[in-house]
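J.: Whatever this is, show me its structure:
(2 chains, ligands or ions: 3)
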Amino acid sequence: MTDLNSKIPAGPLEKKWDEHKAHLKLVNPANKRKHTVIVVGTGLAGASAAASLGEMGYKVLSFCFQDSPRRAHSIAAQGGINAAKNYQNDGDSVYRLFYDTIKGGDFRAREANVYRLAQVSVNIIDQCVAQGVPFGREYSGTLANRSFGGAQVSRTFYARGQTGQQLLLGAYQALMKQVSAGTVVHHSRREMLELVVVDGRARGIVTRNLVTGKIESHVADAVVLCTGGYGNTFYLSTNAKGCNASAIWRAHRKGAFFANPCYTQIHPTCIPKSGEYQSKLTLMSESLRNDGRVWVPKKKGDHRPPNEIPEDERDYYLERVYPSFGNLAPRDVSSRQAKYACDEGRGVGPGGLGVYLDFGDGIKRLGKKVIDERYGNLFEMYERITGDDPHVVPMRIYPAVHYTMGGLWVDYNLMSSIPGLFVGGEANFSDHGANRLGASALMQGLADGYFVLPFTVSDYLASGGYAKVDTNHAAVKDAEREVQGRLDKFLAINGKNSVDHFHRALGEIMWEDCGMARSKESLTRALEQIPKLQEQFWSDLRVTGAGADLNQELEKAGRVADFFELAQLLCYDALKREESCGGHFRVEHQTPDGEAKRNDAEFAYVAAWEWKGADETPELHKEPLVYENIQLATRSYK
Amino acid sequence: MRLTLEIWRQKNGSDPGRFVTYEVEANEHMSFLEMLDVLNQGLIAKGEEPVAFDNDCREGICGMCGFLIDGQAHGPNHPGTVCQLHMRFFHDGQKLRLEPWRAAAFPIVKDLVVNRSALDRIIAAGGYNSVRTGSAPEANAILINKNDSDQAMEAAACIGCGACVAACPNAAAALFTGAKITQLSLLPQGQPERYIRVINMAGQHESEGFGHCTSIGECQAVCPAGIKIEVIARMNKDFIRASLKRRETTPPATISKSGSPYA
Ligand SMILES: Cc1cc2nc3c(=O)[nH]c(=O)nc-3n(C[C@H](O)[C@H](O)[C@H](O)COP(=O)(O)OP(=O)(O)OC[C@H]3O[C@@H](n4cnc5c(N)ncnc54)[C@H](O)[C@@H]3O)c2cc1C
Ligand code: SF4
Ligand code: FES
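T.: Ligands and ions are numbered 1, 2, ... in the order given. This next block holds a predicted model:
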């Protein structure tokens, strides 16, 4: 059995990272050029890591599947990024950000990782401002902040409703600077389809050139995966259409443990589905809950238009149930309450699957101008999609799959269970426990890429011990053959149904049986249904076109094939975690008033799964979560 | 609603390409791309190859989508991307012609998909502030006038879609290039490299084969991010200043296309 060593440094919490960093090995400047590092993904985590490693002098090969690195899904993040700057003098501190994040994660994250995240958060803001990221400012010229769910301080930095875009463009520009300096060679429209492992170490990747269809191999001394989350397992989610799990899933099959796959986040404020053809769901930023109030009618089946429902017949349920956090209760909690309201028959809109997010009072209190300054582009986006103006009619929202806290298991150095394979950003499991607070994914992505990976990857490279490998190595050739074989297979099935048909069906099972409320019964059912659907996929799939061309159906087929396998691990993990925590809600484990009931005595561990083969049950490795500094408490936002 | 679509089909860069006519059944709640999804599902069912079009976020922010609808970049509803365009803007029986961005600097990859990596190379030529990771000063140490910062944000909102190029009779990427130059030149952090940046980015723009701006203004009419033509004036002003300040300029360093992923 592989040893699950988290490598958390000894010593007091506040000193762990500095002490550890001081002892990490360095590569001599003249030798850096001789090391090649592959970075897959150009989102916040990948672009910042590749730019920083390139700037340090390593030879970096970077990859993304879109036509430009600037289009990584991070671009879509709207609301903001947290940092413990305490610019508002409202009592914020590194410790408070650390504590909020651990508590927000329902005490299922590692103390040391989260503390480091809070520590480097302040450097991120400095870095981005220097790059020219136009964060919102006060008239005094200082940086402005807003509040986000799960916190009682105002620590979120933002660039209108386009924070992710601006942070990503900052990182992308840093990356392109290194491309022009020649330290980074970037490859767009390349999809990683296999990891190459030589002598137990990650040494390369196999990619498909999405334009020419060519299968290509790239070797290196270390491989860094920053390939984002797996929310699209559910088909409908707030993720971009191309988001996929293939890179991490291929690595998992090659020996990287997958941690806590069942921790998925359902975001409370998204635009509800409008029909069968729906291709994705659109998020309305959580920041809207600063000034918007969530409500449903008190009466069941009240079909009056919202403006005709008098004040005393409205149930502002978040304010009622959680008086101290109100509309800013964390995501998992808010989503569940929306589900309860709709389950009771008090939902609004088609099918009763919606609740109101109302800006009437906000506009009265602050004026239209202030509201527009804060949320103008979100209001426009809402109106463009639905045809309704939120200044006049409350928004209609419903929860949707949004983020995945689980991911490849990594140690404190962000190295997976395969030596030389590092994982950053949403692709790893490291910092958010069972639920991520708003504005902390951007923080984590950039923390990993700018401030952690450059040091820990260097330490690995400096430690040496690996032989030279080139693309003629047998392991590379084997991986290429595997990839080619799979692609040929998709094209040869020649069945009747499209990839989307199967993906949508998989998504329906996942949403119904492994969504906001999970039970032994629903998960068992999902674990019976998914393999059946998977079998149909492999026997009845139709992929048109050829392999030697741009072929979007072929791209999707590979991704969905991997989602089928991951979906089963996700459900299996959910079945085995006999407790409710954060985004993982098991109906068998709840308090009398419907809140998640953790079981710390038995489940205060990270579940790291080892792949054993396509028809084998995966093996569970437990990493106990040891809390040295904080007391495990019942999470309460009342 | 039933629509007739004339779509540009081109197998790859060397195929000459042609329009092919399709019929599709849609409804007003769909997005334009969802309507194309429906068309494509139908084509797959018939064993034909679906129409290739770029898209990812489908929220109007990643800049990946974009093609011409009846000659208009991103279609009739400005400002907005084609992924944010909804079918309620069309009516039953309408006939629409879809074709890819047409510009020498954007070679066609397939159907409605083009290669926009020239825009990446313009950024690589100077669209950044050089700041080593970890070496930045405390963020509030330099105060920035809110008005400047807001204007920088407006210019920074460019999504890099290339619609401005497609709409321009000269196929210039001046709006795109000017937007980045404006953003960085409005901020104190952008000053040290202000003049070398404009020389290098304009030089790259030239060497990519984009045309010259003659202030026609079609670009700002189609820009989904609301970038204003003023950014081009600002770029031109900085370019003239930079040319006069000879001591700060070095010969423009252009980036070769052999770094291109398709080379
Ligand atoms: C709509 C939306 C709004 C959000 N808002 C916020 C917010 O306000 N604040 C916040 O903190 N977080 C927010 N999040 C979450 C946050 O945006 C993401 O978690 C984060 O940006 C992920 O960054 P990343 O670098 O890990 O991955 P991504 O940005 O997803 O990048 C993944 C990269 O990997 C590449 N890639 C993937 N697979 C392959 C492959 N097989 N081969 C080659 N390349 C591959 C892609 O091309 C891409 O470059 C939001 C998320 C969504 C969906
Ligand atoms: S300036 Fe506007 S049209 Fe041109 S690339 Fe940017 S967003 Fe697209
Ligand atoms: S798909 Fe991202 S902008 Fe249209």
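
J.: Tell me which residue is most central in chain B.
T.: residue B:162 (2.0 Å; Cα atoms, centre = their mean).

J.: how far away is it from residue B:128?
T.: Distance of residue B:162 to residue B:128, computed by Cβ to Cβ, to the nearest Å: 20 Å. C-beta here means a position set from N, CA and C on the backbone, and glycine is covered the same way.

J.: Repeat that for residue A:350.
T.: In terms of Cβ to Cβ, residue A:350 sits 47 Å off from residue B:128.

J.: Let me know whether the residue nearest to the centre of chain B touches residue B:117 as I believe.
T.: No. Residue B:162 lies out of contact with residue B:117 (Cβ atoms under 8 Å); the separation is 10.7 Å.

J.: ok so, going back, quick one, what contacts the residue nearest to the centre of chain B?
T.: Contact partners of residue B:162, counting by Cβ atoms under 8 Å, 6 or more residues apart in numbering or on different chains, are B:63, B:66, B:101, B:103, B:106, B:114, B:116, B:119, B:173, B:176.

J.: do that again at 7 Å, thanks
T.: Contact analysis of residue B:162 by Cβ atoms under 7 Å, 6 or more residues apart in numbering or on different chains lists B:66, B:101, B:106, B:116, B:119.

J.: again with residue A:484
T.: residue A:215.

J.: what is the rounded mean pLDDT of the helix or strand hosting it?
T.: Using DSSP states H and E, residue A:484 sits within helix A:474-493. Average pLDDT, helix A:474-493: 98.

J.: what about residue 85, how many residues close to it?
T.: Assuming you mean chain A. 21 (other Cβ atoms under 10 Å in any protein chain shown).

J.: please go with chain B instead
T.: 24.

J.: Kindly report the same for the one 4 residues further on.
T.: Counted with other Cβ under 10 Å, the neighbours of residue B:89 add up to 14.

J.: Give the helix, strand or coil label for the residue nearest to it when sequence neighbours are not counted.
T.: Nearest residue to residue B:89 in three dimensions, chain neighbours excluded: residue B:77, at 5.3 Å (Cβ to Cβ, 6 or more residues apart in numbering or on different chains). The local conformation at residue B:77, judged by DSSP: H, G, I helix; E, B strand; the rest coil, is coil.

J.: measure residue B:77 to residue A:482 for me?
T.: 46 Å.

J.: Looking at those two now, which is surrounded by more residues?
T.: Higher neighbour count among residue B:77 and residue A:482: residue B:77, with 18 against 15, using other Cβ under 10 Å.

J.: Next, the contact list for the residue nearest to residue A:638 when sequence neighbours are not counted, please.
T.: Nearest residue to residue A:638, sequence neighbours excluded (Cβ to Cβ, 6+ apart): residue A:322, at 5.5 Å. Counting by Cβ under 7 Å, 6+ apart, residue A:322 touches A:329, A:637-638.

J.: got a winner among these for most neighbours?
T.: residue A:329 (24 neighbours).

J.: how near is that residue to residue A:158?
T.: Taking Cβ to Cβ, one finds residue A:329 at 20 Å from residue A:158.

J.: low-confidence ranges in the stretch 1-150 of chain B?
T.: When residues are selected by pLDDT under 70, none of them lie in the stretch 1-150 of chain B.

J.: Mind checking which of residue A:350 and residue B:128 has more residues around it?
T.: A direct count of neighbours by other Cβ under 10 Å for residue A:350 and residue B:128 places residue B:128 higher, at 26 against 12.

J.: Wondering if the helix or strand where residue A:371 lies reaches ligand 2 at all.
T.: Using DSSP H and E, residue A:371 falls within helix A:368-386. No. Remark: helix A:368-386 sits outside contact range of ligand 2, by Cβ under 6 Å from any ligand atom, the gap being at least 13.5 Å.

J.: Residues contacting the very next helix or strand once past that helix, please?
T.: As assigned by DSSP H and E, the chain's next helix or strand after helix A:368-386 is strand A:395-404. Residues from elsewhere that reach strand A:395-404, judged by Cβ under 7 Å, 6+ apart: A:229-231, A:234, A:236-238, A:264-272, A:281, A:283-284, A:335, A:338-339, A:348-349, A:353-357, A:382, A:426, A:436, A:441, A:516.

J.: Whichever residue of the stretch 401-550 of chain A sits closest to ligand 1: how many residues sit nearby?
T.: Relative to ligand 1, the nearest point of the stretch 401-550 of chain A is residue A:425 (2.3 Å; Cβ to the nearest ligand atom). Neighbourhood size, residue A:425 [other Cβ under 10 Å]: 33.

J.: Provide a list of residues in contact with it.
T.: Taking Cβ under 7 Å, 6+ apart, we find residue A:425 in contact with A:43-46, A:226, A:228, A:444-445, A:448.

J.: give the contact list for residue A:215.
T.: Contacts of residue A:215 by Cβ under 7 Å, 6+ apart are A:206, A:208, A:480, A:483-484.

J.: For stretch B:213-232, buried residues please.
T.: Neighbour counts over stretch B:213-232 (16 or more other Cβ atoms under 10 Å in any protein chain shown) mark B:213, B:218-220, B:222-225, B:227-229, B:231-232 as buried.

J.: Any chance of the residues you listed in CSV with pLDDT, secondary structure and distance to ligand 3 as columns?
T.: Shown next, in CSV, are these (pLDDT from 0 to 100; DSSP: H, G, I helix; E, B strand; the rest coil; distance: Cβ to the nearest ligand atom, whole Å):
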residue, pLDDT, secondary structure, distance to ligand 3
B:213, 97, coil, 24
B:218, 97, helix, 20
B:219, 98, helix, 17
B:220, 97, helix, 18
B:222, 98, helix, 14
B:223, 98, coil, 13
B:224, 97, coil, 7
B:225, 97, coil, 10
B:227, 98, coil, 15
B:228, 98, coil, 20
B:229, 98, coil, 22
B:231, 98, helix, 20
B:232, 98, helix, 23
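
J.: nearest to chain A, of the residues you listed?
T.: residue B:225 (9.3 Å; Cβ to the nearest Cβ).

J.: circling back: quick one: the helix holding residue A:484 to chain centroid distance?
T.: 29 Å (Cα atoms, centre = their mean, to the nearest Å).

J.: then that helix to CSV, C-alphas only?
T.: C-alpha atoms of helix A:474-493 as CSV (Å, rounded to 0.1, in the frame of the first residue of the first chain):
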residue,chain,number,x,y,z
ALA,A,474,8.7,2.6,-24.3
ALA,A,475,6.4,4.1,-21.7
VAL,A,476,5.7,7.1,-24.0
LYS,A,477,5.0,4.8,-27.0
ASP,A,478,2.7,2.7,-24.9
ALA,A,479,0.8,5.8,-23.8
GLU,A,480,0.5,7.0,-27.3
ARG,A,481,-0.9,3.6,-28.4
GLU,A,482,-3.4,3.6,-25.7
VAL,A,483,-4.6,7.1,-26.7
GLN,A,484,-4.8,6.2,-30.3
GLY,A,485,-6.7,2.9,-29.5
ARG,A,486,-9.3,4.8,-27.6
LEU,A,487,-9.9,7.4,-30.3
ASP,A,488,-10.2,4.7,-32.9
LYS,A,489,-12.7,2.9,-30.8
PHE,A,490,-15.0,5.9,-30.4
LEU,A,491,-14.9,6.4,-34.2
ALA,A,492,-15.6,2.7,-34.8
ILE,A,493,-18.7,2.2,-32.6
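
J.: Sweet, I'm off.
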